[in-house]
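[1] need a structure here:
(one chain, ligands or ions: 1)
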Amino acid sequence: MTKTVVAVGGHIGDMELTAGPTLAKVVLEGGRAVIVDCTYGERGHPKLAPSVYREQKVHEAQFFADTIGAELVVLDYSDGFLPDDDGVAEQIADVIRRTRPDMLITHWVRSMHRDHERAAQAALRGAFLASIPLEEIEQPQHSVPVTLYAENWEDMEGFEADTFFAIPDRAYDLWREGIQEHAFARGETYGFRYIDYYSALMQVKGCLVGEQRAAAFKTAGSERFALAGP
Ligand SMILES: [Zn+2]
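    So this is what the prediction gives:
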């Protein structure tokens, strides 16, 4: 499978949860996985103050990345306030130029969370900015061949999966070990059983493609150009 994958999420935990099993598989196969979390996701806890939860979230993200062998980039934006400007896209473009991914993963562009939609738009715009010659930037340009949207129950409006990756047991186990460290995924914040949901989802998608488990994605198509084109 793909050698280098960059996954861009709105909050710490989003790409870990949805793209994580695929990223673990990539690393197990000798590839490189880079997680870019655009905000800390620090307002997602009903009891912890954002400043306290923010530190915990960064720990959770680092634990997950270390567990599956990924690299982690956390952009310095606040949960609920991801700006809709080129500043975010330029930071993602910088990661793309430095790591030269074969594949980019982000949120589907229709979501119940504004941060998810903006992260997806920034990822697409970042891929575009990384692909054009910019004389003031030293790193050479890079065109990402494939962009995929991860399946996420919070981003399902109009989402239709068309790409499936088999998830081997070892990748699933590493994902589970890493995601277990995230309080929200364990159901400690608002009670949604994320780990059960995504574990079952991988089984369901696996049934569709004749594998024990699979992760589902939607390939970016014309909307990429509508949102991020020249
Ligand atoms: Zn999120």
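
[2] can I get the CA coordinates of stretch 39-46 in CSV?
    C-alpha atoms of stretch 39-46 as CSV (Å, rounded to 0.1, in the frame of the first residue of the first chain):
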residue,chain,number,x,y,z
THR,A,39,-7.1,22.3,16.8
TYR,A,40,-6.6,20.9,20.3
GLY,A,41,-10.2,19.8,20.6
GLU,A,42,-10.0,21.2,24.2
ARG,A,43,-13.7,22.2,24.5
GLY,A,44,-15.0,18.6,24.3
HIS,A,45,-15.1,17.8,28.0
PRO,A,46,-18.1,18.6,30.2
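
[3] Write out the residues of the chain neighbouring the ion.
    Contact residues (C-beta under 5 Å from the ion) of the chain with the ion: 10-11, 14. Quick note: C-beta positions are derived from backbone N, CA and C, even for glycine.

[4] For Phe63, give its distance to Phe128.
    32 Å (C-beta to C-beta, to the nearest Å).

[5] Can you measure across stretch 156-175, start residue to end residue?
    Stretch 156-175 has an end-to-end distance of 22 Å (C-alpha to C-alpha, to the nearest Å).

[6] How about stretch 147-162?
    Per C-alpha to C-alpha, stretch 147-162 runs 12 Å from first to last residue.

[7] avg pLDDT for it?
    Mean pLDDT, stretch 147-162: 93.

[8] Show me the contact partners of that stretch.
    7, 14-15, 17-19, 103-113, 116, 120, 123-124, 127, 163, 197, 201, 205, 215-220, 224 (C-beta atoms under 8 Å, 6 or more residues apart in numbering).

[9] Enumerate every residue touching the residue lying closest to His45 once chain neighbours are set aside.
    What sits nearest to His45 in space, not counting adjacent residues and going by C-beta to C-beta, 6 or more residues apart in numbering, is Tyr53, at 4.4 Å. With contact taken as C-beta under 8 Å, 6+ apart, Tyr53 is in contact with 42-45.

[10] I'd like the residues you listed laid out as a markdown table, including neighbour count, secondary structure and pLDDT.
    Shown next, in a markdown table, are the contacts of Tyr53 (neighbours: other C-beta atoms under 10 Å; DSSP: H, G, I helix; E, B strand; the rest coil; pLDDT from 0 to 100):
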| residue | neighbour count | secondary structure | pLDDT |
| --- | --- | --- | --- |
| Glu42 | 22 | coil | 97 |
| Arg43 | 17 | coil | 96 |
| Gly44 | 19 | coil | 93 |
| His45 | 19 | coil | 95 |
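
[11] Out of these, flag the one nearest to Phe184.
    Gly44 (5.6 Å; C-beta to C-beta).

[12] What's the separation between that closest one and Arg114?
    Distance, Gly44 to Arg114, using C-beta to C-beta: 14 Å.
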